[in-house]
Structure formats: structure tokens, C-alpha cells
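Asker: Sequence plus predicted model, see below.
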There are 2 protein chains.
Amino acid sequence: MVKNGRDRVDIPHANGRTVPIGEDGLPDPPHPRRFGHEALAVVLQIRGGELCVLLWRRALPPWEGAWSLPGGRLGTGEDLGASIRGQLAQKVDVRDLAHLEQLETRSDPERDPRHRTLATAYLGLVPADVDPIVPVDTGWHSTAALPAMAFDHASIVRSGRRRLRAKLGYTNVGFALAPPEFTMSQLSGYYRSALGHDVAATNLRRVLLRRGQIEETGRSVPSGRSGGRPAALFRFRERSLQITDEFAVLRPPNVP
Amino acid sequence: MVKNGRDRVDIPHANGRTVPIGEDGLPDPPHPRRFGHEALAVVLQIRGGELCVLLWRRALPPWEGAWSLPGGRLGTGEDLGASIRGQLAQKVDVRDLAHLEQLETRSDPERDPRHRTLATAYLGLVPADVDPIVPVDTGWHSTAALPAMAFDHASIVRSGRRRLRAKLGYTNVGFALAPPEFTMSQLSGYYRSALGHDVAATNLRRVLLRRGQIEETGRSVPSGRSGGRPAALFRFRERSLQITDEFAVLRPPNVP
DNA sequence: TCAAAAGTGTTTCCTATACACCCATGA
DNA sequence: TCATGGGTGTATAGGAAACACTTTTGA
């Protein structure tokens, strides 16, 4: 039995050939590693003009009293997507999740002091018009001022926010932040909250219309008590993720 | 003991409070799940005008004879990045890897028929000027015509290629495909091979210069036997990933 | 009729592609 | 001097931000 540099062990195979463990074609390992694997979710929603994340207050050490991302251990028969949907079903009604995508996997051996745990983070988005009932130890927190957070969860939240901000620019993810129908000033408000900077409703309208992301419903909302022209109602044409601005640059040359 | 819907078990806690397992704050699990976790790499290089991926031919079932991605089981003390670097050190000299980033994690319970294995895939890039010595059962294959591949590895390769193509548009990843110094026609060749469509050298030059990605070295290569003006040599200014085109759209308004 | 909010027209800017033309070299 | 490949100048197109102006409503 030969052990070489990087934590890999070669065992002699029946036919005399050396089979590197951890490569493949390998038999069941004699000592399965005791890795834990969990799915976590960065669930974001625009609430009160702020981009908020759903957090969960830890009652026990480690990190007692700190806030953490919802999620939990991966079950045996399910994949990560099913797992995180299941976990969230108890915190946020799954029907409220308009979009869910995988973010990244954290694997620092020290990220959980108790035992080795890998975490795969997901990004979930909840439209602004719903207010899911959440447990008492769970709450929404502005991503602009995160509370003291457990493990590496704060950096995962920032990672999710970065992903959302980038995708608002070249996809139609906006559909997952907005209610089914909305006025342009509402929508520009959601974009402003998510991006952290001003978004002019007039230009947003033209950009999204040109890209075919939104369309007029034909209806409008009556103007408020202080008057003003009634706002037209729009909707997203697709309510699943589409890349609407694929070849921003280095696009293929025109064929004719 | 109460069992509820989604493979979660609540156990009564000392203080009478119910602690959901699989949430956190939990004690060590009584029966650690026997998940395997492996790191895989989609190592890409431009070879002979084609975008190629490094594959490994399986000698044993399952998928005997099919090609698979290099990688292997995660070690106890290392994170996924260190693990894949270690695995690759035996196939491609690590110094040849100009860039490495995490792609995604696959978790379908059926993806490996032997036992439950999660795989985190990485994207690695090798500059076109090196020709790493690889084992005999390992070879480069055009991503345009993949051979019969094991597990879900073919779709992981496509995922890596998609990522590379997208990032060529808004980052400086090109540095990881090109040698330290290159002419513009060489570079446009690399871009053409990676993107799968024509890239005009003249425009590429101006785009990358304006973005500050490349600069002239001041030197040039003598023209070939068939004459022609000698080509200027360029280099990338940064040899680590930079986002050079961040706010393609929906950029923050001008402050003044 | 005035204030307020929504929507349109138009300008300007910037970036990227297309393409004609000029430049430097070898034979 | 001519073919060849590299490089520059310039036209064109398109998208998006900025902003003045118009429209539609309530009081």
C-alpha cells in the first residue's frame, strides 16, 4: 500500500494494476468519510423599499443568538434542489418562491466547528406582493445592514445579492421580484431596492419593452388621492428565467 | 417523536423545546449519511484551433470504456479547491492552470449507480502555449464532438463551455487561454475557437484595449515566409480574473 | 386651473461592428 | 513591385441614459 502526496491512497488491484482511490472505477471505500452536506438558501424579497433576506435566529451554540440562513441537512433520497425546497416549505410557502437557482458550494473544513459540513447555497426570490407567514425565530433583514451572522452565512448572502444584481442586467429575473401585475413606477422601485441605486422608470420601461420582457396588460390603476395620470399595468411575458441580453459583446458577426 | 412531511424528524430537547434535526444547533447526527463527495474539473484548452477538454478513459465499470472528467474524492482536511488542484496535479501540472473557478454541484441521487455521490465541478483553463504531459489513459477531446461520456459528465462539460463563453464577453478570462505574449491574430484565433464563431482581430484589439485588458509589449514577431507586416506582441495587463464590463446595462446614474 | 404622476419625443453619448484603406515586410 | 498579412481611419448601427415636454387625472 502506497500513500502519495495529496491524501490519496493507491491500493493494489486484483489484476496487479494499481487503482488510485478517489479517481473512479473504485470499489466502495472502506471508511466512508463523515462529511455532512447541507443545503442553504438566500431567500430575498423587496420589503419596504429594501432588499431583505430571510434569516433564522440560532437558539443553540455554536453561534448562539446569531442569525443564519434557512436550510438543513441533505436527505438520502433527494437532490439539493428538492432538499432546499423542502426545508423552505416550513419557513416560506414554496408557492411563494418565484425563482430558485444554485449559487455555490462552500467547503472550508473549518466553516462549521462541530463537524465537517459542506454547504450548497441557493438563491431564492419571493415576489414583493406576498407576505409569507414565518416562524417566530425567523425574520427579514435588510441586506444593507446584516446582523451578526453565524458561520460563513454573511458572505453567502452577499454572494446571493451580487448574483441577483448581475442577473437583473441581462435576464428577466425581475419577474421573481415583482407581483404578477405592476406599474412602471412600482417596478422601478423594486429595481432600485435590489440594485441599490436609482432606476428611472421611463428608461426601464423602454429597455424592458424592447427586450420583450414586459408587456402592457391593457388595464391601469386609478390615480391616487393627489391626482396624476393613471398608471398602466404591465406584466412579465415569461415567468421563468430567460437570458434576454445574451451577446452584449463579442457577438457573432452578421451572416449576410 | 414526531415525523413530519419532508424527511425531517423533530426530537424533544432537554428544555422541552423541539429541536428540528437538519436545521442547525443540532447535536452530532446519530447515523452519519454515507454521502460521497467528489471534485471534478472541466479543464479546457485551445488545441489545433479547437476548444478541447481533458478526459480520462474509464477502465472499470460502471461506464467502462467511457470518458470521464478528472477529479476524485474530497479529502478530510482540504476544501474543494485544494482537492481539485491536488487531483489535477497528477494530470496537468498545476502551474499550467491559469484559472480555476467553481462551476456547480450535481446532486442527483442516481448520478452514480454505485453509491450516493455529490460532485462539485470546477472550470480550469490551460493557456494554448503549454502541452502538459498527461497519462496514457487521458486525452484531449474537442468539446464540439464529445465522445461517449460517463455519468453526467457530458452535461458538465457543456456547462463549463457555456460559462467560458459567457465570461469571455464581460471579463478578462482570455488571459487564461492565451500565452503570456501573443499577436492579435493569434488571440482572435483563440477567441474564435472558444466562442465557436468568427472574431475579427481588428475589432477585438480595440475592444480589449479600450477595456484596458491588453497592452502592447513594444516588441513584434518577424513576418513569416510569405511576407506581411510583422505583428505586434500584446500581453494581458492582469493575469487574474477581472470583470471589465460590469454594468453593461442598468448601470447607476451619473452622479454630477 | 393647478398640482401631481405617467408617459412620449428627442438628444446625446458610448460602444461595438463593418469595411475601405494604408503600412511593412519577404520574395 | 507585388502579394501578404497587420494596422488605422472612419462610417454605421444600436442601445441606453438624460431630460424637456405632453398627457391624464383629482381636487
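Answerer: That came through fine.

Asker: Secondary structure element holding the residue of the stretch 1-150 of chain A found nearest DNA strand D?
Answerer: Nearest residue of the stretch 1-150 of chain A to DNA strand D (Cβ to the nearest atom of the strand) works out as A:Leu51 at 18.7 Å. To be clear about C-beta, it is placed using only N, CA and C from the backbone, and glycine gets the same treatment. Element membership for A:Leu51, per DSSP states H and E: strand A:50-57.

Asker: List, one by one, the residues from the stretch 151-256 of chain A near DNA strand D.
Answerer: Proximity of the stretch 151-256 of chain A to DNA strand D, by Cβ under 7 Å from any atom of the strand, involves residues A:200, A:202-204, A:207, A:210-211, A:222-223, A:225-230, A:245.

Asker: For the residues you listed, pick the one with the most neighbours.
Answerer: Scoring these on neighbours with other Cβ atoms under 10 Å in any protein chain shown, the highest-scoring entry is A:Leu204 at 20 neighbours.

Asker: That one and A:Ser188 touch, don't they?
Answerer: Yes. Between A:Leu204 and A:Ser188 there is a contact at 5.0 Å, judged by Cβ atoms under 8 Å.

Asker: Just give me the longest helix of chain A.
Answerer: Criterion DSSP state H: the longest helix present in chain A is helix A:153-170.

Asker: ok now that one, how far from the chain's centre?
Answerer: For helix A:153-170, the gap between its own C-alpha mean and the chain's C-alpha mean amounts to 8 Å (Cα atoms, centre = their mean, to the nearest Å).

Asker: After the helix or strand containing A:Glu104, which helix or strand is next?
Answerer: Under the criterion of DSSP H and E, A:Glu104 resides in strand A:99-106. The first helix or strand that comes after strand A:99-106 along the chain, using DSSP H and E, is strand A:117-126.

Asker: tell me what that following strand is packed against?
Answerer: strand A:36-47, helix A:80-89, strand A:99-106, helix A:153-170 (3 or more Cβ pairs under 8 Å, 6 or more residues apart in numbering or on different chains; DSSP states H and E).

Asker: could I get those as TSV with distance to DNA strand C?
Answerer: Below are these laid out as TSV (distance: least, Cβ to the nearest atom of the strand, whole Å):
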stretch	distance to DNA strand C
strand A:36-47	17
helix A:80-89	33
strand A:99-106	25
helix A:153-170	14
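
Asker: Of those, which stretch is the most buried?
Answerer: strand A:36-47 (a mean of 24; mean count of other Cβ atoms under 10 Å in any protein chain shown).

Asker: A:Lys91 against A:Val134, yeah?
Answerer: Yes. Counting by Cβ under 8 Å, A:Lys91 touches A:Val134, with 5.7 Å between them.

Asker: hey, what's in contact with both of these two?
Answerer: A:Leu54 (Cβ atoms under 8 Å, 6 or more residues apart in numbering or on different chains).

Asker: Looking at the nearest residue in space to A:Asp93 that is not next to it in sequence now. What's its pLDDT?
Answerer: Leaving aside its sequence neighbours, A:Asp93 sits nearest to A:Pro132 (Cβ to Cβ, 6 or more residues apart in numbering or on different chains; 5.4 Å). A:Pro132 carries a pLDDT value of 91.

Asker: Repeat that for A:Gly72.
Answerer: Taking A:Gly72 on its own, its pLDDT is 93.

Asker: For the stretch 1-150 of chain A, which residue gets nearest to DNA strand C?
Answerer: For the stretch 1-150 of chain A, Cβ to the nearest atom of the strand, closest residue to DNA strand C: A:Gly49, 14.8 Å.

Asker: Not counting residues beside it along the chain, what's closest to that residue?
Answerer: According to Cβ to Cβ, 6+ apart, the nearest residue to A:Gly49 is A:Ser193 (5.3 Å).

Asker: That neighbour and B:Gly65, how far apart?
Answerer: According to Cβ to Cβ, to the nearest Å, A:Ser193 stands 54 Å off from B:Gly65.

Asker: got a list of what the closest residue to A:Gly77 other than its chain neighbours touches?
Answerer: Nearest residue to A:Gly77, sequence neighbours excluded (Cβ to Cβ, 6+ apart): B:Pro109, at 5.9 Å. By Cβ under 8 Å, 6+ apart, the residues touching B:Pro109 are A:Thr76, A:Gly77, A:Glu78, A:Asp79, B:Arg116.

Asker: Am I right that the first one is in contact with B:Ser107?
Answerer: No. A:Thr76 is not in contact with B:Ser107 according to Cβ under 8 Å; the separation is 11.5 Å.

Asker: of the two, who's got more company?
Answerer: B:Ser107 (25 against 11).

Asker: A:Ser185 - how many residues pack around it?
Answerer: 12.

Asker: again with A:Leu69
Answerer: Neighbours around A:Leu69, by other Cβ under 10 Å: 27.

Asker: Give me the nearest residue to it, chain neighbours excluded.
Answerer: Excluding the flanking residues, the one nearest A:Leu69 by Cβ to Cβ, 6+ apart is A:Leu40, at 4.3 Å.

Asker: again, but for A:Arg116
Answerer: Nearest non-adjacent residue to A:Arg116 (Cβ to Cβ, 6+ apart): A:Phe35, at 5.3 Å.

Asker: Does the one you found touch A:Asp112 like I think?
Answerer: No. A:Phe35 is beyond contact range of A:Asp112, at 10.8 Å (criterion: Cβ under 8 Å).

Asker: And the closest residue to A:Thr138 other than its chain neighbours, what's its pLDDT?
Answerer: Once flanking residues are discounted, A:Thr138 sits nearest to A:Trp56: 5.0 Å by Cβ to Cβ, 6+ apart. On pLDDT, A:Trp56 comes in at 93.

Asker: dump the residue contacts of A:Trp56.
Answerer: A:Trp67, A:Ser68, A:Leu69, A:Pro70, A:Lys91, A:Asp137, A:Thr138, B:Glu23.

Asker: Buried subset of the residues you listed, written for ChimeraX?
Answerer: In ChimeraX, a selection of the buried entries from those looks like this (16 or more other Cβ atoms under 10 Å in any protein chain shown):
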select /A:67,68,69,70,91,138 /B:23
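
Asker: Rebuild the contacts of A:Trp56 as CSV, extending it with distance to B:Phe234 and secondary structure.
Answerer: Formatted as CSV, the contacts of A:Trp56 follow (distance: Cβ to Cβ, whole Å; DSSP: H, G, I helix; E, B strand; the rest coil):
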residue, distance to B:Phe234, secondary structure
A:Trp67, 49, strand
A:Ser68, 48, strand
A:Leu69, 44, coil
A:Pro70, 49, coil
A:Lys91, 52, coil
A:Asp137, 57, coil
A:Thr138, 54, strand
B:Glu23, 54, coil
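
Asker: need the helix or strand of chain A with the lowest average pLDDT.
Answerer: strand A:8-12 (a mean of 32; mean pLDDT, DSSP states H and E).

Asker: What parts of the stretch 51-200 of chain A come near DNA strand C?
Answerer: A:Thr183, A:Met184, A:Ser185.

Asker: now the last one, what's its secondary structure?
Answerer: This points to A:Ser185. At A:Ser185 the chain is in helix, as set by DSSP: H, G, I helix; E, B strand; the rest coil.

Asker: Pretty sure it sits against A:Ala231.
Answerer: Yes. With the criterion set as Cβ under 8 Å, A:Ser185 and A:Ala231 qualify as a contacting pair; they are 6.5 Å apart.

Asker: quick one: low-confidence parts of chain A?
Answerer: In the predicted model, chain A carries pLDDT under 70 at residues A:1-34, A:247-256.

Asker: And the residue of it closest to DNA strand C?
Answerer: Closest point on chain A to DNA strand C, by Cβ to the nearest atom of the strand, is A:Gly228, at 2.4 Å.

Asker: contacting residues around the closest residue to A:Leu177 other than its chain neighbours?
Answerer: Excluding the flanking residues, the one nearest A:Leu177 by Cβ to Cβ, 6+ apart is A:Tyr190, at 4.8 Å. Neighbouring residues of A:Tyr190 by Cβ under 8 Å, 6+ apart: A:Ile46, A:Ala128, A:Gly174, A:Leu177, A:Ala178, A:Phe182.
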